[in-house]
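Participant: Could you look at this predicted model? Sequence included:
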Amino acid sequence: MQKATIQLGTLTCPSCLQKIDNAVRAIEGVDKESVNVSFNSSKVKVNFDDGKISVKDIENAIEKLGYEVKKSQVKAL
């Protein structure tokens, strides 16, 4: 398992947060209980099984919704 902190472009509304939260939770390999999307800091924090997915898979899901991914940090748990 790894933990990712993904910095996004500015989120402009609470529905943006909800769309991202739902999309990340729907990814196979994501620990659904760990997903935390912060409106104020425009960050997504999530734990994921790096044997099933990569942080790039999570970034791609966010970008498909039309949101900008600025940078990501990944740490082993």
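Facilitator: Okay, I see it. Residues are numbered from 1 along each chain as shown.
Participant: Please, where are all the helices along this protein?
Facilitator: Assignment of helices within the chain using DSSP state H yields the ranges 14-25, 55-64.
Participant: Buried residues in stretch 54-66, which are they?
Facilitator: Buried residues in stretch 54-66, defined by neighbour count with 16 or more other C-beta atoms under 10 Å: 55, 58-59, 61-62. To be clear about C-beta, it is placed using only N, CA and C from the backbone, and glycine gets the same treatment.
Participant: what is the mean pLDDT for it?
Facilitator: Average pLDDT, stretch 54-66: 97.
Participant: Other residues contacting it?
Facilitator: 2, 4, 6, 8, 19-20, 23-24, 26-27, 29-30, 44, 46, 48, 69, 72, 74 (C-beta atoms under 8 Å, 6 or more residues apart in numbering).
Participant: all strands of this protein, in order?
Facilitator: 2-8, 36-38, 43-48, 69-76 (DSSP state E).
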